[in-house]
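In: My questions concern the predicted model and sequence given below.
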Amino acid sequence: MRIKIFAFLGLVSVSLWNCGHQSDKKTITNEDKLTTQQLDGTISLRLANADYYKDVTDPSNNTAEWKVVISKTGEYKVWLSSATKDTINLNYSTTVKVNLPDSQLSVVPVCDKIIHNSQEVSSPYFRADSFMGSFYVAEPGEYNIQIINEKVIPEESADQISSYSDNSRMMAVILSPMTN
C-alpha cells in the first residue's frame, strides 16, 4: 500500500512540475505595494513599481498592474508617459489599453506634450506625454489598474529583448484629477 501511495504522490508531483514549466507565460511580481494619491490628487504609476505579466507568445498582451488607493472621487485624465528620441512618432505598433475596473481606454499614443529637461530621462531622450482619455471614479477605495501593450517591459529585461525599440519606451501612467 505504501508503494502505491508514494508512486501516486510522485506522479502528482511530476505532473505539477511539468505543468508549471510548460507555460509560455511568465509573471514578474514585486512586493504587494499600494500606491496612494499625492496631495494634489495625482496618481503616478511608474512601470518600475508594477507587477508584470509577460506573454512570450504575444507580447502585445504584456501587462503591468498596480494596486492603487483612490481617496478622491471624480473624473481623472489619464496620461501615458514615454521616453523617446523621436518627438513625432512614439513607435507604438499596437494600441495601449489602460484598464480600471469596469472601464477601458484603448489608444495608439501620440506626442501630446513634450517635457523638455525632464529629470526622468537623460539625453538623447525626451519625455513625451500622451493623453489616453479619462476615467470616472465614483467612490473611494482600492483599485487595480492595468496597462497592456508590447512596450510593457520591466527595465531589467529591456536589454535582453531584441524587439525592444531603442527609440522609445513606456515609463508611467499618470492619473490627474480634472478641475472644474
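Out: Sure, I can see it.
In: Can you name the residues that contact the residue nearest to the spatial centre of the chain?
Out: Residue closest to the mean C-alpha point of the chain, counted by Cα atoms, centre = their mean, is A64 at 2.7 Å. Each residue near A64 by Cβ atoms under 8 Å, 6 or more residues apart in numbering is listed here: 45, 47, 50-53, 146-147, 152. Every residue, glycine included, has its C-beta placed from N, CA and C.
In: Got phi/psi on it?
Out: Backbone torsions of A64, given as degrees, to the nearest 10, read phi -110, psi 140.
In: what pairs with it across the strands?
Out: Beta-bridge pairing of A64 under DSSP bridges involves Y52, I147.
In: likewise S134?
Out: With DSSP bridges as the criterion, S134 is bridged to K77.
In: Show the pLDDT at it.
Out: Per-residue confidence for S134 comes out at a pLDDT of 97.
In: how many neighbours does D129 have?
Out: As a burial measure, D129 scores 19 neighbours (other Cβ atoms under 10 Å).
In: Please read the previous query as pertaining to Y52.
Out: Using other Cβ under 10 Å as the criterion, Y52 is surrounded by 18 other residues.
In: can you check the one 3 residues further on too?
Out: Using other Cβ under 10 Å as the criterion, D55 is surrounded by 16 other residues.
In: Good, wrapping up.
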